[in-house]
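J.: Task: produce atomic coordinates for the following.
(one chain, ligands or ions: 1)
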Amino acid sequence: MPATPVTYTFLGPEGTFTEAALMQVPDAAQATRIPASNVNAALDMVRDGFADAAMVPIENSVEGGVTATLDAIAGGQELRIIREVLVPISFVLVARSGVELEDIRRISTHGHAWAQCRLWVEANIPGAEYVAGSSTAAAAMGLLGGDAHYDAAICAPIVAQEQPGLSVLAENIGDNPGAVTRFILVSRPGTLPERTGADKTTVVVPLPEDRPGALMEILDQFATRGVNLSRIESRPTGQYLGHYFFSIDADGHIADARVADALAGLHRISPATRFLGSYGRADAQSSSVAQHTSDEAFRAAHEWVGQILQGNERGLTMP
Ligand SMILES: O=C(O)C(=O)Cc1ccccc1
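T.: A predicted model of the protein is given here:
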């Protein structure tokens, strides 16, 4: 990615939570921003060179991983995560002006928004049917088209504020008031973001087949090097039943010796392991590092082995 990206794309249209995440990126307000209709379209714009970076949702504190994103970055032309952004989420229920709560039978929104408002809907609009939407804002804007096959949408408060044709029927309808969604900024492979000391590394590890204990071996690469994991999810590769990959977030940067060593171990176990990036943590919280897994401990250990091998070359070993 160029030092100053000129074009960003994001899961649109305007008014999505993903756009709110993009606006947290310092230069986004001045840059060209192109809404994409789904996560795959956004990532393909980056792969094909039509955008320098894409903002997409990856994980929610209530609903877990955004599978569309996990799957899209695990395969295809390689991409790199260069930044993460956290956005606190609050939902409103909107309808065309004049529509009342008791008129509502069908509600559209993004799948993750629906999952986070399910209890509120059950309690307040029992029996309401869900109509899948590509995003919260797309669902809300669809109400204004006239031919919507649903009566209301769940979206961010900003959408209703900017659309006079929509009225808010209920606010703060999320079942978990503290819900936070994590978004990632994805670019083509290039220079890695610098180590900050509070970093995260994301990898995709296909599970080797017919190898008892393979998952244990994968986890062991991190455990023995004192690398903490903050997310691990299994996803089917889609090739055939029972074939899975693991999507993993680990604390630290590939420039940290313990992380580099763990990744090298993963590559030995599963050579198709994909490195998806090392980038600064949004909360800037660094994790503690035990002395024996510090960069200095790795350097000293390599030097020790090196000295033994050098001595051997000079014929200094015992017969
Ligand atoms: O649809 C949106 O507005 C998005 O940005 C995706 C999403 C949906 C629900 C919670 C967080 C992100």
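J.: for the ligand, what are the nearby residues on the protein?
T.: Counting by CB under 6 Å from any ligand atom, the residues of the chain close to the ligand are 11, 16-18, 57, 60, 89, 110, 112-113, 135-137, 181. From N, CA and C alone the C-beta is placed, and that goes for glycine too.
J.: if we go to 8 Å?
T.: Counting by CB under 8 Å from any ligand atom, the positions of the chain adjacent to the ligand are 11, 15-21, 57, 60, 63, 66, 87, 89, 91, 109-113, 116, 133-139, 155-156, 179, 181, 183.
J.: Now list the buried members of those residues.
T.: Restricting the residues of the chain next to the ligand to buried positions leaves 11, 15-21, 57, 60, 63, 66, 87, 89, 91, 109-110, 112-113, 116, 133-139, 155-156, 179, 181, 183, with burial counted as 16 or more other CB atoms under 10 Å.
J.: Where helices are concerned, which of the residues you listed count?
T.: Here DSSP state H is the test, and those give 17-21, 112-113, 116, 136-139 as lying in helices.
J.: Report the beta-bridge partners for the residue nearest to Arg80 when sequence neighbours are not counted.
T.: Nearest residue to Arg80 in three dimensions, chain neighbours excluded: Gly277, at 4.4 Å (CB to CB, 6 or more residues apart in numbering). Gly277 has these beta-bridge partners by DSSP bridges: Thr202.
J.: Model confidence for Gly277, exactly?
T.: With respect to pLDDT, Gly277 scores 98.
J.: how far away is it from Pro126?
T.: Distance of Gly277 to Pro126, computed by CB to CB, to the nearest Å: 44 Å.
J.: got it, and Thr202?
T.: 40 Å.
J.: what's the answer for Arg225, then?
T.: Applying CB to CB to Arg225 and Pro126 gives a distance of 52 Å.
J.: Could you check how far whatever residue of the stretch 151-300 of the chain ends up closest to the ligand is from Ala72?
T.: Here the stretch 151-300 of the chain gets closest to the ligand at one residue, Thr181, 4.0 Å apart by CB to the nearest ligand atom. Thr181 sits 17 Å away from Ala72, going by CB to CB.
J.: same thing with Thr293?
T.: In this view, Thr293 and Ala72 are 33 Å apart by CB to CB.
J.: Show me the helices in this structure, by range?
T.: Under DSSP H, the chain gives helices at 17-22, 39-47, 67-74, 111-124, 136-142, 157-162, 214-223, 257-269, 295-313.
J.: Model confidence for Asp27, exactly?
T.: Looking at Asp27, its pLDDT is 94.
J.: what bridges to the residue lying closest to Ala21 once chain neighbours are set aside?
T.: Excluding the flanking residues, the one nearest Ala21 by CB to CB, 6+ apart is Phe183, at 3.7 Å. Beta-bridge partners of Phe183, counted by DSSP bridges, are Pro57, Val85.
J.: what residues are up against the residue lying closest to the residue of the stretch 151-300 of the chain closest to the ligand once chain neighbours are set aside?
T.: Residue nearest to Thr181 in three dimensions, not counting chain neighbours: Asn60, with 4.7 Å by CB to CB, 6+ apart. Taking CB atoms under 8 Å, 6 or more residues apart in numbering, we find Asn60 in contact with 66, 89, 112, 116, 179-182.
J.: now Phe222
T.: Phe222 neighbours (CB under 8 Å, 6+ apart): 228-229, 250, 262.
J.: Let's see that with 10 Å instead.
T.: 203, 228-229, 232, 248, 250-252, 258-259, 262-263, 265-266 (CB atoms under 10 Å, 6 or more residues apart in numbering).
J.: Give me the pLDDT value at Ala179.
T.: Note on Ala179: pLDDT of 90.
J.: any idea how far it lies from Arg83?
T.: Distance of Ala179 to Arg83, computed by CB to CB: 21 Å.
J.: same thing with Tyr244?
T.: Separation of Tyr244 from Arg83 (CB to CB): 28 Å.
J.: For the closest residue to Arg182 other than its chain neighbours, list the residues it contacts.
T.: Distances taken as CB to CB, 6+ apart place Glu59 nearest to Arg182, at 4.4 Å, with adjacent residues excluded. Each residue near Glu59 by CB under 10 Å, 6+ apart is listed here: 65-66, 69-70, 84, 86, 112, 180-184, 230-231, 233, 247, 249.
J.: one more time with 7 Å
T.: Each residue near Glu59 by CB atoms under 7 Å, 6 or more residues apart in numbering is listed here: 65-66, 182, 231.
J.: same thing with Phe10?
T.: 18-19, 22, 33, 35-36, 42, 54-55.
J.: how near is the residue nearest to Arg80 to Leu70?
T.: With distances taken as CB to CB, Gly277 is found 14 Å from Leu70.
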